[in-house]
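Enquirer: With the input below, show me the fold.
(chains A and B)
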There are 2 protein chains.
Amino acid sequence: MEFEVKKTSGKARVGVLKLPHGVVRTPVFMPVGTNANVKLLTPRDLEEAGAEIVLSNTFHLMLKPGVEIIRLHGGLHKFMGWKKPILTDSGGFQVFSLPKLKIDDEGVTFKSPIDGSKVFLSPEISMEVQIALGSDICMAFDHCPPPDADYEVVKEATERTYRWALRSKEAFKTENQVLFGIVQGGVYPDLRKKSALQITSIGFDGYAIGGLSIGEERSLTLEMTEITVEYLPEDRPRYFMGGGSPELILELVDRGVDMFDSVFPTRIARHGTALTWKGRLNLKASYNKRSLDPVDEQCGCYTCKNFTRSYIHHLIDRGEVLGQILLSLHNVSFMISFMDEVRRSIEEGTFREFKGKMIDVYSSGGVSV
Amino acid sequence: MEFEVKKTSGKARVGVLKLPHGVVRTPVFMPVGTNANVKLLTPRDLEEAGAEIVLSNTFHLMLKPGVEIIRLHGGLHKFMGWKKPILTDSGGFQVFSLPKLKIDDEGVTFKSPIDGSKVFLSPEISMEVQIALGSDICMAFDHCPPPDADYEVVKEATERTYRWALRSKEAFKTENQVLFGIVQGGVYPDLRKKSALQITSIGFDGYAIGGLSIGEERSLTLEMTEITVEYLPEDRPRYFMGGGSPELILELVDRGVDMFDSVFPTRIARHGTALTWKGRLNLKASYNKRSLDPVDEQCGCYTCKNFTRSYIHHLIDRGEVLGQILLSLHNVSFMISFMDEVRRSIEEGTFREFKGKMIDVYSSGGVSV
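Expert: Model prediction:
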């Protein structure tokens, strides 16, 4: 892996990340393909949208179809027909969202939400699975405490995250894949700092900011990100896990973050909402019933080049999934174009203006005409 | 419209149908796009699959989004983003499937299944709607009796179909669109003959065989088709309404039919079944869990070129709609390729061998390995 920061504007930075399956320009948005597919989209849809990397989930894939099936295909890239880079999370976030689990230093035991069977996940197993998946970027196995956890709980989880990061790195015996460490620490500044120092002391190819955007106040999200970034090395990519609305991305880019993922653009597409350069657009709304405009006049995606808002309104109204498909395609295309503009504004030194303009647009409550 | 029969093999025939939006090679399979979309597929998916014409439904479109919205777009082609020919049915079949209707010679009154409002449909209104839709091929408004209707009921419906065909033609004042008449007559040979003679006496651009494949015995379907075709002119296209399984198409092509439509290939795709050159393939079945084979080794569609049966099995197992999308794409591609082979075998004089082989394959109960 190579990572080079090409240009900065304040703390915001443009970089180039070279991975085994391709080059990723940062700041980057990664569409989420939980079950080895980005919902409703084919790999060629994603390529056409300009996606350079997608995220998939160790937790889901180890349960179904299971590592053996993916190994049989020669890895996740071949299984899902995606030739560009893949980042996989470690499963930590998901298992800690489950009820009825047993956590000790060895690892986590949980009931499979699919068939109720007992499953054990540890740093070593997570690495083994991610190595089998062949992800370009693998994530260390971490302990993500809930947003309302008190100090002692978060402290313990943060210490465990450190011990598990050491074991993750130790178990990560592979080539052509890289490993990112994850900083935890909840919403406690001293724990964030300590975690950042601990994780960076181990030495990873990149660093993730974990355990945020999970229900805490937005101001805390930003404050904790600032504290964390302060202790991360300049020359490694920084990945904020699970945040992907345009507004949040702008705030985080402004604080030096390089990588983002979220189900948000595809999820709201399935609920009839488009992201546009003028804000959110609710295609279900009756004001779109007769609109001959495209979803976004500035967008060059297949949806915007070929269909009216009226048509998509009709599809959604009739429960035709094609409406969701066309909006998913648009929203992913939009997010990629949005990141293109983020990078361009950093390169041109106009990031703050761009940020201000887009936050205005997105805080105004959506397109109404 | 021009229609030319290029080659025959027994009663089976290869033809070329020139329509305002393009050329259609017959025998042809028309994917069904009821609500102005073929479920889960974009127009470019359909073009890539090789579809030369799609069917859409007057009944559904007049209710939602309504004629006015489609008129606003300049017609159905622009509304749904499909540039090639479109055939629309007249609404007759659908309204006669509804409960609580009032039928008299003027037309049919029914309750909208969408909002319960009272809607009236007549030959004149059906023509007005189809003219507004701008379909290449419009269908006369007919009275389709249920499959178990007794002789007197069918006789009356058949007579009414004749009177409505006269009125349909009278009301069809348009250019760049053509009108097909529909032969009814249920499963009664004398009524079929009479209807065919009546409808052809009016003179239409093409002729449809209606009221079949709606629950009657397969042998009756074929017998009624034979009787009807006997009284249809050689130089006009013949369209069997609503039949589209490979087996049925082969039997009907063998009896001189040129055009077919059915929701069957896309519907079974959504239920996890693929059509292949070796028969039906159930992707849900556990024997596909580890299969690295494509859905069909002989197929060149996007699905077969890029994904394994195992991957599609996984998507369906996880409830990921992408599995249904990929199978819909494959099944439509398969039907188009299947019709290519039907035409090729007629041209080469080997249609009966091809038919025999494929009926064997499709009667053997599907691919099991």
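Enquirer: CA only for contacts and neighbour counts going forward, please
Expert: OK.
Enquirer: for A:Leu281, helix, strand, or coil?
Expert: Recorded secondary structure, A:Leu281: strand (DSSP: H, G, I helix; E, B strand; the rest coil).
Enquirer: That one touches A:Ile268, doesn't it?
Expert: No - A:Leu281 is beyond contact range of A:Ile268, at 10.3 Å (criterion: CA atoms under 8 Å).
Enquirer: shared neighbours of these two, which are they?
Expert: In the contact map built from CA atoms under 8 Å, 6 or more residues apart in numbering or on different chains, the residues linked to both A:Leu281 and A:Ile268 are A:Ala274.
Enquirer: Now do the nearest residue to A:Lys111 once chain neighbours are set aside: how many residues are near it, please.
Expert: Nearest residue to A:Lys111, sequence neighbours excluded (CA to CA, 6 or more residues apart in numbering or on different chains): A:Lys118, at 4.7 Å. Neighbours of A:Lys118 under the rule other CA atoms under 10 Å in any protein chain shown: 11.
Enquirer: I figured A:Lys118 hits A:Lys102, correct?
Expert: No - counting by CA under 8 Å, A:Lys118 stays clear of A:Lys102, with 10.5 Å between them.
Enquirer: okay, A:Leu281 and A:Ile268: which has more neighbours?
Expert: A:Leu281 (22 against 18).
Enquirer: Check which residues of stretch A:187-201 are buried.
Expert: Of all the residues in stretch A:187-201, those buried under the rule 16 or more other CA atoms under 10 Å in any protein chain shown are A:187-189, A:191-200.
Enquirer: What are the phi and psi values at the spatially closest residue to A:Phe79 that is not a sequence neighbour?
Expert: With sequence-adjacent residues excluded and distances taken as CA to CA, 6+ apart, A:Phe79 is closest to A:His73, at 5.6 Å. Main-chain dihedrals, A:His73, degrees, to the nearest 10: phi -80, psi -10.
Enquirer: Can you check the pLDDT for A:His73?
Expert: Predicted confidence (pLDDT) at A:His73: the value is 98.
Enquirer: Now for it, how many residues are close by?
Expert: By the criterion of other CA under 10 Å, A:His73 has 19 neighbours.
Enquirer: And for the one 10 residues further on?
Expert: Applying other CA under 10 Å, we find 16 other residues in the vicinity of A:Lys83.
Enquirer: Contacts only, for it.
Expert: Residues near A:Lys83 by CA under 8 Å, 6+ apart: A:21, A:77.
Enquirer: Distance of it relative to chain B?
Expert: Distance of A:Lys83 to chain B, computed by CA to the nearest CA, to the nearest Å: 11 Å.
Enquirer: Report the secondary structure state of that residue.
Expert: Assigned by three-state DSSP, the conformation of A:Lys83 is coil.
Enquirer: and the residue of the stretch 1-150 of chain A nearest chain B?
Expert: Proximity to chain B, evaluated over the stretch 1-150 of chain A using CA to the nearest CA, is greatest for A:Leu40 at 5.0 Å.
Enquirer: number of nearby residues for the nearest residue to that residue once chain neighbours are set aside?
Expert: Spatial nearest neighbour of A:Leu40, chain neighbours left out: B:Leu322 (5.0 Å); criterion: CA to CA, 6+ apart. Other residues near B:Leu322 come to 21 when the count uses other CA under 10 Å.
Enquirer: Please identify the buried residues of the helix or strand encompassing B:Leu322?
Expert: In this assignment (DSSP states H and E), B:Leu322 forms part of helix B:321-347. For helix B:321-347, burial by neighbour count (16+ other CA under 10 Å) applies to B:321-340, B:342-343, B:345-347.
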